[in-house]
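K.L.:
sharing a model that was predicted from the sequence below.
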Amino acid sequence: MPAEGLDPSWMYAMNQALAQGLVIGKDVVFTFGPYASIYTRVYHPATDHLMVWGSVFLALSFALAAFLNFRNSKWSIQLALLVVLSTVMYSPDVLLFFYTLLVGTYLYRVIAEKALSGSGKESLILVALFAPFGLIPLIKGSALIACVAIAIFSAYLLWNAGRRSLAVLACATPPVLMAAFWLVAKQPLLALPQYFMSMLPIISGYTEAMAVNGNPAQLLAFVVGTAILAHIVFQGQAVALRLKAVVILMFLCMLFLAFKAGFVRHDAHAVISSSMLLLTALLASTLVSPARGRSLLLCAVAVWAAIDAAYVNTSTEAFFKNLNATYAKAWDGARMRVSHPAQLKADFDSRLAALKSLAGFPTLPGSVDIYSYEQSLLIGSGNHWNPRPVLQSYSVYTPALAERNKNHLLSEGRPDNILFKVQPIDDRLPALEEGLSWPVLLSNYAPQSFANGFLLLQHRAPGDIAPVESKEYFKRTYALGERVELAPTGKVLYAKVVLKKSLLGRISNTLLKPSQLDIKLTRTDGAVKKYRMIASMAETGFVVSPLIESTEDFGLLFSGTDFLRNKQVASFTIDAAAPRSLWRDTYEVELTSVAYKESGNVASLYGFAQPVDEAALGKALAADHCDGSIDAINGVSPAPAQAKLPAILEVNGWLAPLASKATLPDKTYLVLSNEQGKRYFIETRPNERPDVAEFFKQPPMKAAGFAIKADVSKLEGDALMGLAYAKGGTLFLCPQFKVKTSFMRR
């Protein structure tokens, strides 16, 4: 059933796109196609038939391909295949890769054994085996590479065996079936080429943008396991060298795709690689002697176990639970559809009601899109979803994709409303995600409200839209690691960074991934922030100053830079992790200022804490003792002894009347005392501090933490910052906190 979150959102959104009649590849551009539900198994009334019957079709095809390859194997190998498939298949990617390899290996087998008779039965088997090649790329677009590779190898085998009509049949079957499946999904036939064309920038940009580093020992183990497999298959085949080369190339090609799928984003994705190696070893063992096969399987199991232990750690209990669930879930799903066909729809409606309650979004006039993800919450809210083409912002990682989303905002089909939230992944610089669209959002939309972490933007009336004005400051070349100085303009600065891989880097990007880039930004108040930089995202441009790190920061941009003065960036540096040689030594920076129509005091939408005069709380008494700390002021940690305070003040720390006895306050206040002796109190919100509890060996001290985000734009002059607390109806001032501050005048 639909759920909230990053992955569940795109899973539900792909189903909803079909339900709304959107064209995949045109209206929605993503890694997956109209049959994505076969991969995700997420229910939707409009796509359930595609999921069920598409899955049945693939299951029957898979069973046929497995039978043809393993029918003459020992029962132990057959049982091992069933056990692996039913207990440790944690990713559908493995099954898609493995199916194509089963087909290619079967053709190699019958040609090597000279078992092709040219009968009509063989033609039927060939059509049955290659028909899923027309469906698999419509499940996941990138799987087209596996299908094309195996189809080419298979056609080569058949052609050289003198079965040229079968070679043509093997190549012709997938596109014909693909067109049929595309039409069954109610997609216009002429849009099919565009589906694959739109996939190219997503596939090409994936490696750099989505790379995550992991344990290199796992990567090495997989490579060694693959090399052993290739060696054993080569030595164990008494066939012509040409045939040996083809079968080994098929194995290596599929294992390379699994290698990329598992180790580019080297986290739990690594189990894709290990599982594929395990299945490939089982298949390869049917081509060699039993002794060689045992060696091969032992090696593959060792690699699989090492990687599985790091991420899944399949226990004996989990093993048998997975075994049961594989068949029990399939049976339950079939039984429910037969005996209680209305139950799934009822459960679906119930889940949407829960999502609507969780989202808390109002019913908005016109169409709505949501940034950066959480499409499940928006669709579940009952609003009319109008997605940008690349529907989740973290995937907008090439200039072509960024342009596509920007043009959607400028088109007549743009959304009337946008629910906006800054949600970067992998420690990326937040402004990189949809950076090209930010100037359009600032000029064409206006903030209306802020709730549940989302800023509601509404499209301005045509007469209220003023184009963004850009003024170039400079266009210069810098070396990696060199400081880029920014003038203190007080304006919004927009940077385009063109940083290219070296030849070695392009090779590394193809074989695995490049080294990661970082950007280190130094604010005018001295705070230094470090984020991950994605070169292909930076190329189209992003707001570099002020430094936008949250949804609140983004919303304050609509009021200009007055509320973000402490976020102004004085300089930044971009550097590459080792090996640095994977990137060119220099890069180009184009810096411009952007001016747009401002939207008034957006800070009022956020409900920031407000300073309260001492008279409103009652006379404060001097406390005999306080334990605590002001840890950070506006992101500067440790908190400085002197600080300039911007219009929006952020402070966190902890406070207790007596920490050793875990005596906690009823309320904690930040105190600002001006030169005239007038005090302003700002009530803080609780912020858990397990580190404080651990230090004092007092578990209740976990609740001693505080945090605050306050609008102090109306205060002027100099002030001392301190802390106070309320206990038993009395207000106490702590004596030791006296940070000298001055307010930045607007």
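P.N.:
Perfect, thanks for sending it.
K.L.:
quick one: low-confidence parts of this protein?
P.N.:
118, 745-746 (pLDDT under 70).
K.L.:
where exactly do the helices run in the stretch 501-650 of the chain?
P.N.:
503-511, 535-538, 551-557, 614-617 (DSSP state H, counting those that start in this stretch).
K.L.:
can you give me the neighbour number for residue 744?
P.N.:
Number of residues near residue 744 (other Cβ atoms under 10 Å) recorded here: 15. For the C-beta atoms, the positions are set from N, CA and C on the backbone; glycine is no exception.
K.L.:
ok, residue 65 next?
P.N.:
Residue 65, neighbours per other Cβ under 10 Å, totals 23.
K.L.:
do I have it right that it meets residue 129?
P.N.:
Yes - contact criterion Cβ atoms under 8 Å: residue 65 and residue 129 qualify, at 5.9 Å.
K.L.:
intersection of neighbour lists for the two?
P.N.:
103, 106 (Cβ atoms under 8 Å, 6 or more residues apart in numbering).
K.L.:
how about stretch 340-354: buried residues?
P.N.:
Across stretch 340-354, burial judged by 16 or more other Cβ atoms under 10 Å covers 344, 348, 351, 352.
K.L.:
out of the residues you listed, which sit inside helices?
P.N.:
By the criterion of DSSP state H, membership of these in helices covers 344, 348, 351, 352.
K.L.:
columns distance to residue 415 on top of those, output as JSON lines?
P.N.:
JSON lines is the format used below for these (distance: Cβ to Cβ, whole Å):
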{"residue": "344", "distance to residue 415": "30"}
{"residue": "348", "distance to residue 415": "25"}
{"residue": "351", "distance to residue 415": "24"}
{"residue": "352", "distance to residue 415": "20"}
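K.L.:
ok, which stretches of the stretch 501-650 of the chain are strands?
P.N.:
For the stretch 501-650 of the chain, the strands defined by DSSP state E, counting those that start in this stretch cover 517-523, 528-533, 542-545, 569-576, 586-595, 612-613, 621-622, 627-633, 642-645, 648-656.
K.L.:
quick one: the last one to chain centroid distance?
P.N.:
Put plainly, it is strand 648-656. Between the centre of strand 648-656 and the centre of its chain there are 31 Å (Cα atoms, centre = their mean, to the nearest Å).
K.L.:
partner strands of the next helix or strand after it, with direction?
P.N.:
As assigned by DSSP states H and E, the chain's next helix or strand after strand 648-656 is strand 667-674. Sheet pairing of strand 667-674 (DSSP bridges) gives strand 679-683 (antiparallel), strand 718-727 (antiparallel).
K.L.:
and those strands: which comes nearest residue 220?
P.N.:
Closest to residue 220 of the strands paired with strand 667-674 is strand 718-727 (Cβ to Cβ; 53.0 Å).
K.L.:
that closest one to strand 648-656, inter-axis angle?
P.N.:
Angle of strand 718-727 versus strand 648-656, following axes from the mean of the first three to the mean of the last three Cα atoms, to 10 degrees, is 40 degrees.
K.L.:
pull out the buried positions in strand 718-727.
P.N.:
In strand 718-727, counting by 16+ other Cβ under 10 Å, buried: 719, 721, 722, 723, 724, 725, 726.
K.L.:
residue contacts, residue 302?
P.N.:
Under the criterion of Cβ under 8 Å, 6+ apart, the neighbours of residue 302 are 221, 225.
K.L.:
tell me which element it falls in.
P.N.:
Counting by DSSP H and E, residue 302 is part of helix 290-311.
K.L.:
any chance of the strands of the stretch 501-650 of the chain in TSV, with distance to residue 688 and mean neighbour count too?
P.N.:
As requested, the strands of the stretch 501-650 of the chain are exported to TSV (distance: least, Cβ to Cβ, whole Å; neighbours: other Cβ atoms under 10 Å):
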stretch	distance to residue 688	mean neighbour count
strand 517-523	27	20
strand 528-533	23	17
strand 542-545	32	26
strand 569-576	31	20
strand 586-595	39	18
strand 612-613	25	12
strand 621-622	28	10
strand 627-633	14	20
strand 642-645	25	18
strand 648-656	10	24
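K.L.:
columns distance to residue 276 on top of these, output as a markdown table?
P.N.:
Converted to a markdown table, these look like this (distance: least, Cβ to Cβ, whole Å):
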| stretch | distance to residue 276 |
| --- | --- |
| strand 517-523 | 30 |
| strand 528-533 | 28 |
| strand 542-545 | 37 |
| strand 569-576 | 31 |
| strand 586-595 | 37 |
| strand 612-613 | 62 |
| strand 621-622 | 69 |
| strand 627-633 | 46 |
| strand 642-645 | 55 |
| strand 648-656 | 46 |
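K.L.:
of the ones you listed, which is nearest residue 9?
P.N.:
strand 528-533 (22.1 Å).
K.L.:
what angle do that closest one and strand 517-523 make?
P.N.:
Going by the same axes, to 10 degrees, strand 528-533 makes 150 degrees with strand 517-523.
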